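Enquirer: Just to be clear, the model below is a prediction. Sequence and coordinates:
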Amino acid sequence: MVKALKAFGGGVKPGHHKGTSEHATVIMPLPSKVIIPMLQHVGTPCIPIVKKGDRVLAGQKIGDSDKMISAPVHSSVSGIVSDVRPALLSAGFEVMAVEIEPDGLQKVHESVRPPECTDRDSLVKCIREAGLIGLGGAGFPTSVKLSPPPGKTLDILLINGAECEPYITSDFREMMENPEGIIEGTKKIMEITGARKAYICIESNKPEASEKIAGLLKGSDNVDVVRLRTRYPQGGEKQLIYAVTGRKVPSGKLPSDVGVLVQNVGTAAFIAEFLKTGMPLIKRKITVDGGAIARPMNVEVLVGTPLREVFDFCGGFKKEPRKIIMGGPMMGVAQFSLDTPLLKQNNALLALTEEEASEAPESVCIHCGKCVAACPISLLPLYINSCMNLGNFEEVEKYHVSDCMECGCCSYVCPASRHLVQSIRYGKAELRKLDLQKKAGAQKQAEAKQAEAQKQTDTNEQGGEDRNGK
Amino acid sequence: MGNNLLAGSSPHIKSGTSTADIMLDVVLALMPAAAASVYFFGLRAALLIIVTVFSCVISEYVYCWLAKKPDPISDYSAVVTGMLLAFNLSPAVPVWIAVIGGVFAIIIVKQLFGGLGHNFVNPALAARAFMLASWPVQMTTWITPGQSSDAVSSATPLALIKAGSEATGTLPGYWDLFIGNIGGTIGETSALALLIGAAYLLVKRVISLEIPLAFIGTVGVMSWIFGGQHPFTGDFVYNILSGGLILGAFFMATDYTTSPVTSKGRLLMGFGCGLMTSIIRLFGGYPEGVSYAILLMNLTVPLIDRYMIPRSFGGAVRNV
């Protein structure tokens, strides 16, 4: 076991609330229906390849896309497709979703068998077919991360078990219950990417997990455990890379630009399991917690299970929930309905009570600079906020707004409860719009110029012809 | 949607520290100095503190009521301004002057510019500057510690130094300077009590060390170089402990609204404060320069923040 090399700047120390860390993962029985949206990852949505009335089996592919940054989706149950319809996601837009009524048999599709992968390319292809995305929360397709652009070599692999968000313990449970799988997956990823060294990175508040894995790693010299400082957002990709390797990912670049690949512990464990069974990503471990939950616990849930049924399985609500969050309290997405389904990238489901969810009304900025001190990216959230409030969209570019990863530290510490991350998100969106406009404008100009030039040549040619004719 | 769910943006939890909590911490941190002032200058110091606090709070309340601004005094910032204003007054100041000072600080300096978070200079210091210009005699009449409030004595240690080297025989010793057994304004004299309060603010992370360290360090170096008969012979310990430096560096220059938000900006502000204080003390007409130095540097804060935008994480490489 080694200690982290560096400490990232900024960050906050929210209360841990890791009350479920001693609860072994419980497998939830089949739900009454599953709703499987075609977008459960960062990238292009899939197109459904089944229709209403079709019979599907567990592990059968039901949606795919030919775009590079995408991941196919699979049925998590065997049963009948009851509907294929647009569904409103919590992100605020509609995508197609396949609704399936399970038949209770949970018959597995014939395509589910251990993949025969021999070389790197076929392995990456298999992993894409498995629908695997980063299980840490962001949901970026794993196959894309495993194939860095040509000319870039990955030499260090980081397996992210930091789990810096409060409440969540699903990764911790994975490390306690399946350390062998994580190590196996880690070695597999090293094989695929050619990384010469791998570190399994765990925050110092989970000594049991780091000791357990370090014990299993005795004798292997290219995989090691790193003990990280417990501080949010230690598990942020760029923060983690800096802490462990001392390398800074340049603004606007990817980890592969500094030769590093980061994968979540769950992702590594899935790869090991998948190569044995061939079962695509149709279930995952999540933490169900929050003051409103009767029996907080870690559950293994099928993808597409309606949130309501997950809560019911955990004993329902003991208090009225005021906020339902998919993910952690710092970066998770609040849900407006209990009928939305659980997605591949969800690692937690929280139900907060009125008390836990209440927010003080926004008051004036007192210029205290706490947001500046807390920002792990060294931004000035207060000034971005005031630019956005003034509608000064072009000015925010000067404040490096696009570098923000929306970790929420600024809003967390703000004594005036100002909506800092919110305005930064807004700023990023406006900036993207401006950029698109600029690009469109430039294109139009170029087209106009080309048309002009074309006209010119046309007349010239005509003139030439004329002359020739004379 | 038929349910009662909040769908706000992340983060969904907060640190729980509010503006009012911060202000209360500052009030608490000013208490040791307030107690020391009562010990050395008697109940008159307590009276003046109470009067300025009430003057500030009532001014704030009345102004906000007239301007129809919501919830005016629940953040306790007027209490902080009131205490700091009292700390900047001589214990011999007539009560009516103190009342006017409070009204000026809150209404003219703070509220007319938009209220909390919008004033461009420190309200307490601006009020002190206004009072010093309006009632120079009353504002610079000092009391010897331990005497009854009518016993008007000579001068502050800095004024003694300014008067010339003949007077040095009557200068109080280091220990008296440190604990506050000297002439001066209500809150500035006891370095010990102020440092206790400052330590509390540092531990609670209400303030950071950049401004105080740069401020005091610069004054120390400047007075060591230029403060003596020959260069590099100045008594910097004496210069640091006397006057309003400790009060100014830890409690006034660190005022949120009128200080920069970045570490580098804060260092610059502290350095500028120290430089100006030293120049006024060593070469200017006044014996004391802390409050004017802070006021002047307050004006540079928007510029410092505007032109000292830090590089974002990983941003350095991009620029290469």
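Expert: Everything's here; your move. Numbering: from 1, shown residues only, chains lettered A, B, ... in the order given.
Enquirer: Now for the residue of the stretch 201-350 of chain A found nearest chain B, how many residues are close by?
Expert: Closest contact between the stretch 201-350 of chain A and chain B, by CB to the nearest CB, is at residue A:250 (3.9 Å). For the C-beta atoms, the positions are set from N, CA and C on the backbone; glycine is no exception. Using other CB atoms under 10 Å in any protein chain shown, residue A:250 is surrounded by 18 other residues.
Enquirer: next one: residue B:264
Expert: With other CB under 10 Å as criterion, residue B:264 counts 12.
Enquirer: ok so it is a strand residue?
Expert: No: under DSSP: H, G, I helix; E, B strand; the rest coil, residue B:264 sits outside any strand and is assigned helix.
Enquirer: And it, how far from chain A?
Expert: Look at residue B:264 and chain A: by CB to the nearest CB, to the nearest Å, they are 11 Å apart.
Enquirer: can you pull the contacts of that residue?
Expert: Contacts for residue B:264 were tallied using CB atoms under 8 Å, 6 or more residues apart in numbering or on different chains; they are B:308, B:310.
Enquirer: mind running it again at 7 Å?
Expert: For residue B:264, the contacting residues are residue B:308, by CB atoms under 7 Å, 6 or more residues apart in numbering or on different chains.
Enquirer: any idea how far residue B:301 is from it?
Expert: According to CB to CB, to the nearest Å, residue B:264 stands 13 Å off from residue B:301.
Enquirer: Contact distance from chain A - what residues of chain B qualify?
Expert: Contacts of chain B with chain A, taken as CB under 7 Å from any CB of the partner chain, map to B:1, B:4-15, B:17-19, B:21-22, B:116-117, B:256-257, B:261-262, B:309-315, B:317-318.
Enquirer: now those residues: which count as buried?
Expert: Neighbour counting over the residues of chain B next to chain A (16 or more other CB atoms under 10 Å in any protein chain shown) leaves B:5-6, B:9-15, B:17-19, B:22, B:116-117, B:256-257, B:261-262, B:309-310, B:312-315 as the buried ones.
Enquirer: Take those and keep only those in helices.
Expert: Taking DSSP state H as the definition of helices, these contribute B:19, B:22, B:315.
Enquirer: On the pLDDT front, check residue B:319 for me.
Expert: pLDDT, residue B:319: 38.
Enquirer: Please, which helix or strand holds residue 82?
Expert: By default, I'm working from chain A. Using DSSP states H and E, residue A:82 maps to strand A:79-88.
Enquirer: nope, chain B
Expert: Using DSSP H and E, residue B:82 falls in helix B:77-87.
Enquirer: Tell me which other helices or strands that helix touches.
Expert: Other elements packing on helix B:77-87 under the criterion 3 or more CB pairs under 7 Å, 6 or more residues apart in numbering or on different chains; DSSP states H and E are helix B:19-41, helix B:43-66, helix B:95-103, helix B:123-134.
Enquirer: Show me the contact partners of stretch B:51-71.
Expert: B:72-73, B:78-79, B:81-83, B:85-86, B:95, B:98-99, B:101-103, B:105-107, B:111, B:115.
Enquirer: Among those residues, name the buried ones.
Expert: Neighbour-count burial (16+ other CB under 10 Å) applied to the contacts of stretch B:51-71 gives B:72, B:78-79, B:81-83, B:85-86, B:98-99, B:101-103, B:105-107, B:111, B:115.
Enquirer: could you give the mean pLDDT of the strand holding residue A:82?
Expert: Rounded mean pLDDT across strand A:79-88 is 94.
Enquirer: Go through the following helix or strand past that strand and flag the buried ones.
Expert: Downstream of strand A:79-88, the next assigned helix or strand under DSSP H and E is strand A:94-102. Neighbour-count burial for strand A:94-102 flags A:95-100, A:102 (criterion: 16+ other CB under 10 Å).
Enquirer: pull the CA atoms of strand A:94-102 into PDB?
Expert: The C-alpha trace of strand A:94-102 is given here as PDB (Å, rounded to 0.1, in the frame of the first residue of the first chain):
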ATOM      1  CA  GLU A  94     -37.400  12.600 -23.900                       C
ATOM      2  CA  VAL A  95     -35.700   9.500 -25.300                       C
ATOM      3  CA  MET A  96     -37.300   6.300 -26.600                       C
ATOM      4  CA  ALA A  97     -37.700   3.600 -23.900                       C
ATOM      5  CA  VAL A  98     -38.600   0.000 -24.000                       C
ATOM      6  CA  GLU A  99     -41.100  -1.200 -21.400                       C
ATOM      7  CA  ILE A 100     -41.000  -4.900 -20.700                       C
ATOM      8  CA  GLU A 101     -43.300  -7.100 -18.500                       C
ATOM      9  CA  PRO A 102     -41.300  -9.900 -17.000                       C
END
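Enquirer: That one pairs with which strands?
Expert: strand A:34-37 (antiparallel), strand A:79-88 (antiparallel) (DSSP bridges).
Enquirer: Could you look up the next helix or strand downstream of that strand?
Expert: Once the chain leaves strand A:94-102, the next helix or strand it forms, by DSSP H and E, is helix A:120-129.
Enquirer: Give me the buried positions along that next one.
Expert: Residues of helix A:120-129 classed as buried by neighbour count (16+ other CB under 10 Å): A:123-124, A:126-129.
Enquirer: Same question for stretch B:52-61.
Expert: Across stretch B:52-61, burial judged by 16+ other CB under 10 Å covers B:52-60.
Enquirer: For chain A, what's its nearest residue on the stretch 151-300 of chain B.
Expert: Nearest to chain A, among the residues of the stretch 151-300 of chain B, is residue B:261, at 3.5 Å (CB to the nearest CB).
Enquirer: which one is that residue nearest to, not counting chain neighbours?
Expert: Excluding the flanking residues, the one nearest residue B:261 by CB to CB, 6 or more residues apart in numbering or on different chains is residue A:369, at 3.5 Å.
Enquirer: Flag the shaky bits of the stretch 201-320 of chain B, pLDDT-wise.
Expert: Flagging of the stretch 201-320 of chain B using pLDDT under 70 yields the residue ranges B:316-320.
Enquirer: mind running it again at 90?
Expert: B:227-230, B:233-235, B:238-239, B:242-243, B:283-288, B:311-320 (pLDDT under 90).
Enquirer: Just want the most central residue of the chain.
Expert: No chain was given, so I picked chain A. By CA atoms, centre = their mean, chain A has its centre lying nearest to residue A:138, at 0.9 Å.
Enquirer: you looked at the wrong chain, it should be chain B
Expert: Per CA atoms, centre = their mean, the C-alpha nearest to the average position across chain B is that of residue B:252, at 2.3 Å.
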